[in-house]
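In: Here's my sequence, what's the structure:
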Amino acid sequence: MTIINTRPLRIYLDSSDYSILSNGRKSAETSEVRAELQRLADSGQVEFWYSAASISEMAPIKWEHGGAAAGRAACLSDLCQRHALISMNRLLTHEYACLVQGQHISEPVYSYDGNWFPDISGIMPKPEWASVLQSSTDLLKSQGMNRAMRRKVKETLIRHQKPRKEYLAHMSENSDVSEIIDKYPMREQDALVLRKYLLGQATKSEAEIAFSESLRDPRWMMQWFDLHYDKMSTIQSWVRGDASKMIDVVRTAATAVSELFERIRLAQEQAKLLEIPCKLEKLDDAWWKSAEEGVVSNTITKVSRVYGDVVFESLSSVSADKFMRGFSTCIRTLFSLVRHSVGSRARKPKESDWGDCIHSLYAPYVDIFRTDSFMASVIQRHVDKYGVTVVGRPQNLLEAIRKRIAN
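Out: Below is the predicted model:
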């Protein structure tokens, strides 16, 4: 019996798409495109998905960009609803688990609850009463009080591992929910729950749920960033999490390849000037292909030492392509950019290139992936084997969607 896959078509839009589709001065044609994309999403034929990279690039850099960011967030929310791909560090941890188990599983990559962010405990503050208690204990100890005396003082503040009512009343008078909103991207109703947690009046689980609800609302996130754009670096550092280690490994690998290429090129030029035979490798497609496979193999081996308890002596690029699809695509995309940046027809790297590589982590997990025209040709070569269609021009998106639906 033939089993037909009836799941919706998964689509990942480029950050620029949200800007174009939400532009208040968009053309009638663009308005029609947005309306058709919304119709397709509402029909259940397609699902639009976003990631932490989408949220990060959508945030306003300066306060005057807040209106545009809000428009982009509204567009994303309308199309994607709560369809979020898991955070980069969670994705890499999951792919590493697939590698160890020798089985590719994609379901955990998709969150229908809008969980684009890492483990919330990485940014959750500790209860204030616990911090104050620890500071008080340290102070009493420094003043020479013995353990019995410190315990007696502690009992006036805490009972059964919880702060006494009198202590809570004192802290409540000195606690303002606006301070929480100023520090964390939380809606007021959710910040009130966090405040209760910090005062010992709500559980950690309740606080985490409240915090998560705010983060799941892109519209609110953009409003908060508009007022607190100076605090974006703290949020972005939390979002990157352990993935920053992977980023360092990949960037080091790319730099090594670039330096190797340059050394070989200079050696060949010097040999030519001295009119001596050059026995160095020919820098042709075969050389680049061999170098690419080597970089993927070496990098995935190094990353295995960062992400898991099982350390591999050597891992093949084939294993990376099979079990760590997003990671492999990211490395290969970055490697391709290195190749394009050297030689007689070198392309000058752009600031957006690294962001495009991060987005490419998610390309193997969707059916249609949008990026710019140059990156489309680069990424398509690396995700062909996964059956992904990469669209390089926004005006070709609807045609690509209809074609995939028809097939």
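In: can you map out the helices along the stretch 201-350 of the chain?
Out: Under the criterion DSSP state H, counting those that start in this stretch, the stretch 201-350 of the chain contains helices at 204-215, 218-227, 232-240, 243-273, 285-307, 317-323, 325-340.
In: For my notes, please list those helices in a markdown table and give mean pLDDT for each entry.
Out: As requested, the helices of the stretch 201-350 of the chain are arranged in a markdown table below (pLDDT from 0 to 100):
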| stretch | mean pLDDT |
| --- | --- |
| helix 204-215 | 91 |
| helix 218-227 | 84 |
| helix 232-240 | 65 |
| helix 243-273 | 68 |
| helix 285-307 | 82 |
| helix 317-323 | 94 |
| helix 325-340 | 90 |
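In: of all the ones you listed, which lies closest to Pro108?
Out: helix 325-340 (12.3 Å; C-beta to C-beta). Placement of C-beta: from N, CA and C, glycine included.
In: counting contacts, what elements does the closest one pack onto?
Out: Helix 325-340 is packed against helix 88-101, helix 243-273, helix 285-307, helix 317-323, helix 353-360, helix 373-383, with contacts defined by 3 or more C-beta pairs under 8 Å, 6 or more residues apart in numbering; DSSP states H and E.
In: now the shortest one, how far from the chain's geometric center?
Out: How far helix 317-323 lies from its chain's middle: 21 Å, per C-alpha atoms, centre = their mean, to the nearest Å.
In: Check the fifth one too.
Out: Helix 353-360 sits 10 Å away from the centroid of its parent chain (C-alpha atoms, centre = their mean).
In: Tell me the helix or strand right after it.
Out: Later in the chain than helix 353-360, the nearest helix or strand by DSSP states H and E is strand 368-370.
In: from the middle of its chain, how far away would that following strand be?
Out: 17 Å.
In: coming back round to it: any idea which of the helices of the stretch 201-350 of the chain gets closest to Glu57?
Out: Nearest of the helices of the stretch 201-350 of the chain (C-beta to C-beta): helix 232-240, 10.6 Å.
In: List the buried residues of stretch 392-399.
Out: 392, 394, 397 (16 or more other C-beta atoms under 10 Å).
In: The residue lying closest to Ser87 once chain neighbours are set aside: neighbour count?
Out: Closest residue in space to Ser87, ignoring its immediate chain neighbours: Pro118 at 4.6 Å, by C-beta to C-beta, 6 or more residues apart in numbering. Residues lying near Pro118 (other C-beta atoms under 10 Å) number 21.
In: Tell me how far Tyr365 lies from Arg82.
Out: According to C-beta to C-beta, to the nearest Å, Tyr365 stands 16 Å off from Arg82.
In: neighbour count winner among these two?
Out: Using other C-beta under 10 Å as the criterion, Tyr365 and Arg82 rank with Tyr365 on top: 23 against 15.
In: Need the nearest residue in space to the more buried one, chain neighbours excluded.
Out: Spatial nearest neighbour of Tyr365, chain neighbours left out: Val109 (5.1 Å); criterion: C-beta to C-beta, 6+ apart.
In: Same question for Ala320.
Out: Ser328 (4.0 Å).
In: ok, back up a step: which pLDDT does the model give the residue nearest to Tyr365?
Out: pLDDT, Val109: 97.
In: Provide a list of residues in contact with it.
Out: If a contact means C-beta atoms under 8 Å, 6 or more residues apart in numbering, then Val109 has 85-86, 91, 94, 365 as its contacts.
In: Next, format these as a markdown table and append pLDDT and distance to Glu29.
Out: Shown next, in a markdown table, are the contacts of Val109 (pLDDT from 0 to 100; distance: C-beta to C-beta, whole Å):
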| residue | pLDDT | distance to Glu29 |
| --- | --- | --- |
| Leu85 | 98 | 29 |
| Ile86 | 96 | 35 |
| Leu91 | 93 | 35 |
| His94 | 93 | 40 |
| Tyr365 | 98 | 30 |
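In: How about residues contacting stretch 215-227?
Out: 50, 55, 58-60, 63, 65-66, 69-70, 72-74, 76-77, 82, 84, 113-117, 120, 181, 185-187, 214, 232.
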